[in-house]
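A.B. asks: Sequence and predicted structure are below.
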Amino acid sequence: MPIIDRTPSLPRRPVPMSSTPPARVDIAAFAPPRAATALRCFLVEDSPVIRQNLVATLEEMLGVEVVGTAEDERSAVQWLHEDAAACDLMIIDIFLRQGTGLEVLRQARQRRPGTRLVVLTNYATPDMRKRCAELGADRVFDKSAELEELIAYCESLGSGPAGLTG
């Protein structure tokens, strides 16, 4: 049985030809908006495994630029005093193999007043949270129970200038 095309045919009209080439479409205009600059972070953590995993998570999942790391108080304080690398966020472990993150926190608040200071510790007791807040911490997160909250906080900071001022 033959197939019969019953769709109405449209009259064909000549299409005027233009001497100008067709406009180019900028595909980047359809990409989701990105922050003008990545959130920059300095990390103070003595455990190599935690440090490597946190750097990978921040960089790969959140697009954070980790500008440096330190594994003890001396290295972190030296970076605060000598390194000109700007950072928006410092993540600081309190109990380090050498020295304490509390001193890093105190000096970071003095030397970099506009930087967000976050404590990531296994000892996030109410007393420790209070002490960190007194030394200038913006937030304190428990390593064993609040990693998702830390990631969400970093993501909120990286969502644009409003995140850094809020």
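C.D. replies: Everything's here; your move.
A.B. asks: how about the strands in the chain?
C.D. replies: Using DSSP state E, the strands of the chain run over residues 40-44, 65-70, 89-92, 116-121, 139-142.
A.B. asks: Not counting its own residues, what contacts the third one?
C.D. replies: Contacts to strand 89-92, defined as C-beta atoms under 8 Å, 6 or more residues apart in numbering, come from residues 39-45, 54, 64, 76, 101, 104-105, 108, 112, 115-120, 137, 150, 154, 157. All C-beta atoms are positioned from the backbone trio N, CA, C, and that covers glycine.
A.B. asks: Same question for the first one.
C.D. replies: Under the criterion C-beta under 8 Å, 6+ apart, residues 51, 54-55, 58, 64-71, 76, 79, 85-93, 96, 101, 104, 154 lie in contact with strand 40-44.
A.B. asks: Name the residues of that strand that come out as buried.
C.D. replies: Within strand 40-44, the residues that qualify as buried are Arg40, Cys41, Phe42, Leu43, Val44, counting by 16 or more other C-beta atoms under 10 Å.
A.B. asks: Check the model's average confidence along it for me.
C.D. replies: Averaging pLDDT along strand 40-44 yields 96.
A.B. asks: and the angle for that strand with strand 116-121?
C.D. replies: For strand 40-44 against strand 116-121, the angle by axes from the mean of the first three to the mean of the last three C-alpha atoms, to 10 degrees is 30 degrees.
A.B. asks: Just the CA trace of strand 40-44, in CSV.
C.D. replies: Output of strand 40-44 as CSV, limited to C-alpha atoms (Å, rounded to 0.1, in the frame of the first residue of the first chain):
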residue,chain,number,x,y,z
ARG,A,40,41.4,32.0,47.8
CYS,A,41,42.2,29.8,50.8
PHE,A,42,45.1,29.1,53.1
LEU,A,43,45.0,25.8,55.0
VAL,A,44,46.7,25.0,58.4
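A.B. asks: Now do that strand and strand 65-70, the angle between them.
C.D. replies: Using the same axes, to 10 degrees: strand 40-44 against strand 65-70 is 20 degrees.
A.B. asks: Grab the most central residue of this structure for me.
C.D. replies: Central residue of the chain (C-alpha atoms, centre = their mean): Val64, 3.6 Å from the mean position.
A.B. asks: list the contacts for that residue?
C.D. replies: Val64 touches Ala38, Leu39, Arg40, Cys41, Leu58, Leu89, Cys154, Gly158, counting by C-beta under 8 Å, 6+ apart.
A.B. asks: Over to Glu71?
C.D. replies: Glu71 makes contact with Val44, Glu45, Asp46, Pro48, Arg51, Leu96, Arg97 under the criterion C-beta under 8 Å, 6+ apart.
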